[in-house]
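1. just coords:
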């Protein structure tokens, strides 16, 4: 709601944001037609994951950190696996890397379908939410549910269940799915690909406010393919560094109005962005020919800096993830070892993967018995908080003459451009947990 | 007529895990022609109950009532309130809770002909915590509530309370 202040100023306060993961609010202060303050207030309680990982065994982070998020548990599992394997000096096989990519495709499909259809599309089509939208556009919502179900099925077959997979371990998997099991997914994947292609065409017809954000983009870039389950870090400023240099470049700071840490790149005050726009802009050349063609048809250039168009990029990434899943399913052969041994040793390890909403970084320090003595997790929404606030400053000022209701709605839309996962972002910083 | 019981919730989030526990209890009753399954994601409900005529979803509830209170709500009798049946008070995965899933299914005309929600008031939703004592005591009454809902009218009086 909006309050008029006695000195002529105005405060827009949205107590609880809808259609985002977790609990957060928004505070925008306006004075003389100028936005004087913007705060994305994340008041979901801190969750202390980094604290209670200390003292646990090196084999445990995939199962523990998967619990941070119900929508991107695979991201947590694989970023933690990479970090632990790095600390222990182990490299997994190509087959394991491929199966990780397949499971991760399932998560992207699930997460992007949920956001595009049920959370973000209502903003563009003028509905308060998916339920109201479903009454007028049932076929659109049904398409979204169909695509999402394929992601769920993929997660179930590869991960053991559709939420918080149980088949992932440090070093690989407990069991590899069989060719027969994977091939059974093919018809639904093929249908989902058609649905995803239609989705790109649908969302490209939405109306988008014109604005290109000037912030630095940061994404992973692997040796080959579009970044999903690994890669080195690249930025739109031309920097490139390995994941193990992450903490040299990214620092986390606490701000009073948020329970989630804010992240800074190379000490700069201006924000940086992770997620679909950054991935696309820094890896457009790595998309499949079909995904590139659809992006072009949808009006995207080889870079995209308009956060409102992130819904198109997510739809393009849906196409790519389904194509990748089909490619892996078709090429899979039985007989690969499900895991490699990861014997404990003392050391520090770093891992990063591309969660649906951006780079997710993990760092662990192990003692020689493999007990975790330090843990650090930098989730994508933490990194995007400053850019969300910076976008809101620009947008709120542009929309300052709108009614209270419309201004609030537009600002929420601007926040949802990032598909923020507040639950992921609030596991907070240095807290001492003593274990007896 | 096919009947289905869905225990919704995460076994690793304290009392949020009561849905699957109640579902297991219902499974142990071996009710004739009743399928029982568990899931964590409310957005899957519309797919899970496809083809079923009578459905009971069991979930944890945080409404302010005393922990262990068993709630019962006939979702096919009327529209659910916006924030009703929000799992762990947060509305489930990506703010899409049971009420949203039910209303979405209603809008898509994909509600079963009878859908009843059985909720158990939770006390704690801490990761890794066990069910709290009041919620453990509510498992049997909640399972009996499910059985009563699914029992044919003439047999309902014989269901243990």
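-> Arrived safely, thanks for sending. Predicted model, so just to flag it, every value in this text is computed and none were measured.

2. since we're on residue A:174, how many residues are nearby?
-> Neighbours of residue A:174 under the rule other Cβ atoms under 10 Å in any protein chain shown: 11. To be clear about C-beta, it is placed using only N, CA and C from the backbone, and glycine gets the same treatment.

3. I'd say it and residue A:159 touch.
-> No - counting by Cβ atoms under 8 Å, residue A:174 does not reach residue A:159; the two are 10.3 Å apart.

4. list the residues that contact both of the two?
-> Residues touching both residue A:174 and residue A:159 by Cβ atoms under 8 Å, 6 or more residues apart in numbering or on different chains: A:166, A:167, A:168.

5. Just send those back as CSV, with secondary structure, distance to residue A:229 and neighbour count too.
-> Shown next, in CSV, are these (DSSP: H, G, I helix; E, B strand; the rest coil; distance: Cβ to Cβ, whole Å; neighbours: other Cβ atoms under 10 Å in any protein chain shown):
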residue, secondary structure, distance to residue A:229, neighbour count
A:166, coil, 18, 12
A:167, coil, 15, 21
A:168, strand, 12, 27
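
6. Just give me the closest of those to residue A:124.
-> Nearest to residue A:124, judged by Cβ to Cβ, of those is residue A:168 at 35.3 Å.

7. For that closest one, give me the pLDDT.
-> pLDDT, the model's per-residue confidence, is 97 for residue A:168.

8. Over to the one 4 residues further on?
-> With respect to pLDDT, residue A:172 scores 98.

9. Downstream of the regular element (helix or strand) spanning residue A:385, the next helix or strand is which one?
-> Residue A:385 is part of helix A:380-398, with elements assigned from DSSP states H and E. Counting by DSSP H and E, the element after helix A:380-398 in chain order, helix or strand, is helix A:404-416.

10. circling back to that earlier point, kindly provide the whole-number mean pLDDT of the helix holding residue A:385.
-> Rounded mean pLDDT across helix A:380-398 is 89.

11. cool, and stretch A:229-249?
-> 97.

12. quick one: terminal-to-terminal distance for that stretch?
-> Start and end residues of stretch A:229-249 are separated by 21 Å (Cα to Cα, to the nearest Å).

13. Pull the residues that contact that stretch.
-> Counting by Cβ under 8 Å, 6+ apart, A:78, A:82, A:86, A:97, A:100-101, A:104, A:216-223, A:265-266, A:272, A:278, A:281-282, A:350-354, A:359, A:361, A:363, A:376, A:378 sit against stretch A:229-249.

14. Just list what the worst-scoring helix or strand of chain B on mean pLDDT packs against, helices and strands only.
-> Ranked by mean pLDDT, DSSP states H and E, the helix or strand of chain B with the weakest confidence is helix B:98-107, at a mean of 87. The contact analysis (3 or more Cβ pairs under 8 Å, 6 or more residues apart in numbering or on different chains; DSSP states H and E) places helix B:98-107 against helix A:130-136, helix A:138-159, helix B:45-48, strand B:114-121.

15. Between these, which one is closest to residue A:333.
-> Per Cβ to Cβ, nearest to residue A:333 of the helices and strands packed on helix B:98-107: helix A:138-159, 15.3 Å.

16. The closest one to helix B:98-107, inter-axis angle?
-> 130 degrees (axes from the mean of the first three to the mean of the last three Cα atoms, to 10 degrees).

17. Contacts made by the following helix or strand past helix A:138-159 with the rest, please.
-> Heading C-terminal from helix A:138-159, the first helix or strand you meet, by DSSP H and E, is strand A:168-169. The contact list for strand A:168-169 (Cβ under 8 Å, 6+ apart) reads A:59, A:62, A:63, A:66, A:74, A:77, A:78, A:81, A:103, A:159, A:174, A:339.

18. ok, so of the residues you listed, who is nearest residue B:150?
-> Nearest to residue B:150 among the contacts of strand A:168-169, with distances taken as Cβ to Cβ, is residue A:159, at 31.4 Å.

19. Next, the contact list for the nearest residue to the closest one once chain neighbours are set aside, please.
-> Nearest non-adjacent residue to residue A:159, counting by Cβ to Cβ, 6 or more residues apart in numbering or on different chains: residue A:165, 2.6 Å away. Neighbour list for residue A:165: A:66, A:73, A:74, A:77, A:103, A:155, A:158, A:159 [criterion: Cβ under 8 Å, 6+ apart].

20. how does it look with 10 Å?
-> A:62-63, A:66, A:73-74, A:77, A:103, A:106-107, A:155-156, A:158-159, A:173 (Cβ atoms under 10 Å, 6 or more residues apart in numbering or on different chains).

21. And whichever residue of the stretch 201-350 of chain A sits closest to chain B, what's its pLDDT?
-> The nearest approach of the stretch 201-350 of chain A to chain B comes at residue A:314, 13.6 Å away (Cβ to the nearest Cβ). Residue A:314 is assigned 98 on the pLDDT scale.

22. in what helix or strand does it lie?
-> Using DSSP H and E, residue A:314 maps to helix A:310-331.

23. by contact count, what packs against that helix?
-> Counting contacts by 3 or more Cβ pairs under 10 Å, 6 or more residues apart in numbering or on different chains; DSSP states H and E, helix A:310-331 packs against helix A:94-113, helix A:121-125, helix A:138-159, helix A:179-183, helix A:186-203, helix A:276-283, helix A:289-297.

24. Can you tell me which of the helices and strands packed on helix B:98-107 is most buried?
-> Neighbour counts (mean count of other Cβ atoms under 10 Å in any protein chain shown) averaged over each of these peak at strand B:114-121, with a mean of 24.

25. hmm, that one touching chain A?
-> No - Strand B:114-121 is not in contact with chain A by Cβ under 10 Å from any Cβ of the partner chain; minimum separation 15.4 Å.

26. Figure out how far that strand is from the centre of its chain.
-> Remark: strand B:114-121 is offset 4 Å from the chain centroid, using Cα atoms, centre = their mean, to the nearest Å.

27. Just checking: what are the partner strands of it?
-> Strand B:114-121 pairs in its sheet with strand B:54-61 (parallel), strand B:70-74 (antiparallel), by DSSP bridges.

28. Could you save these as TSV and add columns showing mean pLDDT?
-> Below are the strands paired with strand B:114-121 laid out as TSV (pLDDT from 0 to 100):
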stretch	mean pLDDT
strand B:54-61	93
strand B:70-74	91
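
29. Return the most buried member of these.
-> Neighbour counts (mean count of other Cβ under 10 Å) averaged over each of those peak at strand B:54-61, with a mean of 27.

30. for the longest helix along chain B, which positions count as buried?
-> Longest helix in chain B by number of residues (criterion: DSSP state H): helix B:133-150. Judged by neighbour count using 16 or more other Cβ atoms under 10 Å in any protein chain shown, the buried positions of helix B:133-150 are B:134-135, B:138-139, B:141-150.

31. What of stretch A:296-314?
-> Within stretch A:296-314, the residues scored as buried using 16+ other Cβ under 10 Å are A:298, A:300, A:304-314.

32. Chain A next: which of the buried residues of helix B:133-150 are close?
-> The subset of the buried residues of helix B:133-150 within reach of chain A, counting by Cβ under 10 Å from any Cβ, is empty.

33. any idea which of the residues you listed is closest to chain A?
-> Distance ranking of those against chain A, using Cβ to the nearest Cβ, places residue B:135 first at 19.4 Å.

34. And the closest residue to the closest one other than its chain neighbours, how close does it get to residue B:122?
-> Nearest residue to residue B:135 in three dimensions, chain neighbours excluded: residue B:15, at 4.8 Å (Cβ to Cβ, 6+ apart). Separation of residue B:15 from residue B:122 (Cβ to Cβ, to the nearest Å): 3 Å.

35. Need the overlap of contacts for these two.
-> Joint contacts of residue B:15 and residue B:122 (Cβ under 10 Å, 6+ apart) are B:9, B:60, B:61, B:62, B:67, B:68, B:88, B:131, B:132, B:134, B:135, B:138.

36. ok, the last one touching residue B:70?
-> Yes - distance between residue B:138 and residue B:70: 5.7 Å, which falls inside the contact criterion (Cβ atoms under 10 Å).
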